[in-house]
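Student: Need the 3D shape of this:
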Amino acid sequence: MTLFTAAVATVLSALLAGTVMIAIHRFATRDLMKEVTADGGRVAHQLEHDDVGRPMVEHHDRYLQVVDHKGVVVAATPQLRGKPVMAAFTPDHHNISSAVVCGGVFPPGQCNIVVAQSAYRGGNDWTVYSSSPGVPPYVEPWLAATVIGAAAVMAVAITTLGHRVATASLRPVNAIRAELDEITESSPERRVPLPASQDEIHDLAASANRTLARLQAAMRQQRSFTSDASHELRTPIAAIRAEVEDALHAPGETSVPALGATVLNSLDRLEAVVGDLLTIAKMEAGRQVEREPIDLAEFVTGECARRPRSSRTFEYELEPGVVVIGDRVRLSRLLTNLIDNAERHAAGTVTFRVRHEPAPKRDFRRFPNGIATLEVIDDGPGIDPDKRELIFQRFARLDTARDREAGGTGLGLPIARQIAEAHGGTLRAEDCDRGTRFVLRLPRC
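Tutor: Predicted coordinates for the structure are as follows:
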């Protein structure tokens, strides 16, 4: 940034210096032209009144010639005596003309401003030529040195100021970087400092803090999930160990079928937990969701027909033609989890409802074609309203009839919600006259 500032400052200073020198040069040239014209005009006036005085000019670098009507030089300044006319042009109809003449009667390599003026004498038009060396581009050495020096000082000042501004601007970035270097897994609660200025760096720090907060929440969730998963896996393993150790200590009191049945029950639970953990891992890996049209009414009846005969009664209130676009395998897993949960806790009946709902204005972009709604309702003990979100946490347990003794791994409902969200929908537990009502809402196609 400092190098860029220096380059820009140098270019701009050079342009400014050049512009100032050009302006001064033009002003000096115009002023010199007036002086040369005035010198020639004075001599022309004296010539018309027959009173040409000496000296003809007051400056040693001014040249002057008086040319009669025949083109003969009749008077000249000392530098031009005995030399031909300094210019070939004559005054125009305004009785005055000017031009820049190089060489000729002037020293080699020198260009002069020449002004030609008419003088009426003896009934004829005479011509007075006055001239002076042109103004050099630098005008005066001291002036050029002053302008160039001022431009250099300005470039250095701008560069220094740019360096200080860049340093001051990046100081909060260095503080943010230093704090990020100090934040580790052992101190995830730390946050980067927020600059006092409300600028882009402040926004960067705020974004970094939000990211750190999400990472901290994810780490906390991962630790909690790891702890809960370890506990869930340890329970069936401990049960298997206890049964095997009892069998080894008292082989005569334990039969192989009894031991096998007990161990298999624990292995089934262990397999269910591991399977659900693998499902969650695959979903969090962001695997692509398959897309195909699915009629929810036909989908529900088909899934229920494939299930083993249940002691619960299934009732249906299905609106035909409610179609969604989704992954049939994942939606089947979602519905299976809801049905398993309902069967475990229902007193006798599980009700399925499928219908179409218009999307509210706030959700119109999310559900442009309306909402496809699927409800799974059981007539069990229900869930307290303040605990309806808790059941969607992994390995969550409620101090109600819905506990571990009812079966399940504690991962079914979290998996079902993840599948719903992967399809752009929602899954919630909502109010019901009796029991529990799970409502799945998906975009209708």
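
Student: What about Ala250? Give its phi and psi, please.
Tutor: With angles defined as degrees, to the nearest 10, Ala250 sits at phi -130, psi 70.

Student: Also the one 4 residues further on?
Tutor: Dihedral angles of Thr254 (phi, psi; degrees, to the nearest 10) stand at phi -130, psi 130.

Student: Could you measure from the closest residue to it other than its chain neighbours over to Ile237?
Tutor: Computed as C-beta to C-beta, 6 or more residues apart in numbering, the closest residue to Thr254 that is not its neighbour in sequence is Ala247, at 4.1 Å. (C-beta placed from N, C-alpha, C; glycine too.) Using C-beta to C-beta, to the nearest Å, Ala247 is found at 16 Å from Ile237.

Student: Check Val323 and give its pLDDT.
Tutor: Listed pLDDT for Val323 reads 93.

Student: surely it meets Ala297?
Tutor: No. Val323 is not in contact with Ala297 according to C-beta atoms under 8 Å; the separation is 9.4 Å.

Student: Give me the contacts around stretch 22-42.
Tutor: By C-beta atoms under 8 Å, 6 or more residues apart in numbering, the surrounding residues in contact with stretch 22-42 are 57-58, 62, 64, 96, 98, 113, 115-117, 128-132, 134-135, 137, 139, 143, 147.

Student: which SSE is the closest residue to Thr2 other than its chain neighbours in?
Tutor: Nearest non-adjacent residue to Thr2, counting by C-beta to C-beta, 6+ apart: His163, 4.5 Å away. According to DSSP states H and E, His163 maps onto helix 141-182.

Student: so how far is that helix from its chain's centroid?
Tutor: Centroid separation for helix 141-182 versus its chain: 26 Å, with C-alpha atoms, centre = their mean, to the nearest Å.

Student: one step back: which ones are touching the residue nearest to Thr2?
Tutor: Contacts for His163 (C-beta under 8 Å, 6+ apart) come out as 1-2, 5.

Student: circling back to that earlier point, who has more neighbours, Ala247 and Ile237?
Tutor: Just comparing Ala247 and Ile237: by other C-beta atoms under 10 Å the higher neighbour count belongs to Ala247, 18 against 13.

Student: my guess is that one meets Thr262, correct?
Tutor: No. Using C-beta under 8 Å, Ala247 is not in contact with Thr262, being 9.3 Å away.

Student: Quickly list the domain ranges of this structure.
Tutor: Domains of the chain are assigned by automatic domain parsing as 2-133, 200-284, 292-443.

Student: quick one, which of those domains is nearest to Ile176?
Tutor: Distance to Ile176, taken as C-beta to C-beta, is lowest for domain 200-284 among the domains of the chain, at 5.5 Å.

Student: quick revisit: from the contacts of His163, which single one is nearest Pro78?
Tutor: For the contacts of His163, the minimum distance to Pro78 (C-beta to C-beta) is 56.7 Å, reached by Thr5.
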